[in-house]
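Engineer: With the sequence up front, the predicted model follows.
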Amino acid sequence: MPPADRPAPRRGSRGGLRLRLTLLATALLAPVAVLMLALTYLLVGRVVSALPRFADGTLVVVQGETLEAAAYSDRVVTQGREIVLVVGAIAFPLLLIAGGLVSWVLIGRALRPLSTLTTAARGLSESSLDRRIALDGPRDEVAELADTFDEMLARLQAAFEAERRFVANASHELRTPLSVIRTEVDVTLADPTTDEAELRRMAEVVREATDRADRLLTSLLVLARTQGSGVSERRPVDLSDLVRPAVRAVDAERIARGIEVGTDLEPAPVRGDQALLERIIGNLVENGVRHNVPGGDLHLQTGTAGTIAFVEVSSGGTLIDPAMVAQLFEPFRQGERARTGHRGSGLGLSIVRAVAAAHNGNARAQARPEGGLKVRVELPVDQAVARRAPSTAADR
């Protein structure tokens, strides 16, 4: 739709809802006031009738006028009712005005948080998503709405920050493979004597660079998705079932480097996004192979400890300064090198920690004295599976 044809945003007049609620409250007050007036009118007659009465035919003198007692009683009832009608005619509009004013004030105070929400929503922009309503006062429906609004702002802020990190990281890290591709193509085209072998060598370099860019983008997308929106689905997953497929995926590189793999797999039931949990195991296994020494060892263990399910990967490698271990979980850190190298993207452990956090777990690492690294990921046990486990074991 062209911009000129777009409907203008709806903006109600200030106090529109307040005015409507005030009129509604006043309209509800009117029949109540009429009912009270009618009851008072009837009550006057009943009160006079309930008074002690003179015997029939008794005469009374009132202000020099002689009347029968029954006639005098009827006159009192009539005068009382007339006074009620006169006073009611004066009090009724005053009551409606007073009720309308009180309703206007009270409804205004009740709707004040909505005005705060409206002002905050109109002032929102990408640079002001850190604002929060933080409404004080009684925890009523309006406070619940304000809390929901704050939660929405938190999710939006996380999504925008994840998008900014993705753009910044991608724009920075993609320069290396793109520079390699451009350099290879320029050098090859500048040499008029380039033969088929040289073209094939250039094609291999370009393919390797594009593969690296593809892996980098995939890792960045996973990291941004996990940090921005968390886990999209939760279903039962056993971490021990994910280990062997992850090992088979790196068999070619593992065998070429002569790395021996050992496993100690016990059931480790959790609940989460299977694709992201597979990414945890896959990244740990890939790191354990790529950053290992030739002929090194790789040991994987899964199991439970109380309410925690864990996977632990211990791999050989060069000596690592224990003070540098925490930095390995930062994006684009590989040991003591702060940028990506020729192997991996430097995002493996960052993704592991982000996925673990999204599943209410954690990831930590420890340098091995003989060289290499031990990484342990802990996630909450799937309680539904844990409760079924004893009976299942008894049935076997």
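Structural biologist: Ah, there it is.
Engineer: For this structure, which segments are assigned as helices?
Structural biologist: 16-49, 69-122, 141-173, 175-190, 196-229, 243-249, 251-257, 274-290, 348-358, 383-395 (DSSP state H).
Engineer: out of the ones you listed, which comes closest to residue 330?
Structural biologist: Nearest of the helices of the chain to residue 330, taken as Cβ to Cβ: helix 348-358 at 6.5 Å. For every residue, glycine as well, the C-beta is placed using N, CA and C.
Engineer: That closest one to helix 274-290, inter-axis angle?
Structural biologist: Helix 348-358 and helix 274-290 are oriented at 150 degrees to each other (axes from the mean of the first three to the mean of the last three Cα atoms, to 10 degrees).
Engineer: Could I have the CA atoms of stretch 87-95 written out in PDB?
Structural biologist: Written as PDB, here are the backbone C-alpha positions of stretch 87-95 (Å, rounded to 0.1, in the frame of the first residue of the first chain):
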ATOM      1  CA  VAL A  87     -36.300  17.600  48.500                       C
ATOM      2  CA  GLY A  88     -35.700  14.700  46.100                       C
ATOM      3  CA  ALA A  89     -36.100  17.000  43.100                       C
ATOM      4  CA  ILE A  90     -33.400  19.200  44.400                       C
ATOM      5  CA  ALA A  91     -31.100  16.400  45.700                       C
ATOM      6  CA  PHE A  92     -31.300  14.200  42.600                       C
ATOM      7  CA  PRO A  93     -29.400  16.400  40.200                       C
ATOM      8  CA  LEU A  94     -27.000  17.400  43.000                       C
ATOM      9  CA  LEU A  95     -26.400  13.700  43.700                       C
END
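Engineer: I'd like the numbering to begin with 39 instead of 1 from here.
Structural biologist: From this message on, residue numbering opens at 39, which makes the last subject stretch 125-133.
Engineer: Run through who's touching that stretch.
Structural biologist: 67, 71, 72, 75, 78, 79 (Cβ atoms under 8 Å, 6 or more residues apart in numbering).
Engineer: out of the helices of the chain, which comes closest to residue 402?
Structural biologist: helix 386-396 (8.8 Å).
Engineer: Kindly check the end-to-end length of stretch 288-303 for me.
Structural biologist: Terminal residues of stretch 288-303 lie 19 Å apart, using Cα to Cα, to the nearest Å.
Engineer: Give me the buried stretch members for it, please.
Structural biologist: Within stretch 288-303, the residues that count as buried by 16 or more other Cβ atoms under 10 Å are 288, 292, 297, 299, 303.
Engineer: Show me the shaky parts of the stretch 39-188 of the chain.
Structural biologist: 39-53, 86-96, 98-103, 105, 107, 110, 162-166, 173, 175-176 (pLDDT under 70).
Engineer: let's see 90
Structural biologist: Along the stretch 39-188 of the chain, the model assigns pLDDT under 90 to residues 39-138, 141-188.
Engineer: okay, and for the stretch 239-388 of the chain, where does confidence drop off?
Structural biologist: 239-273, 287-291, 310-314, 316-318, 320-321, 324-325, 328-329, 355-388.
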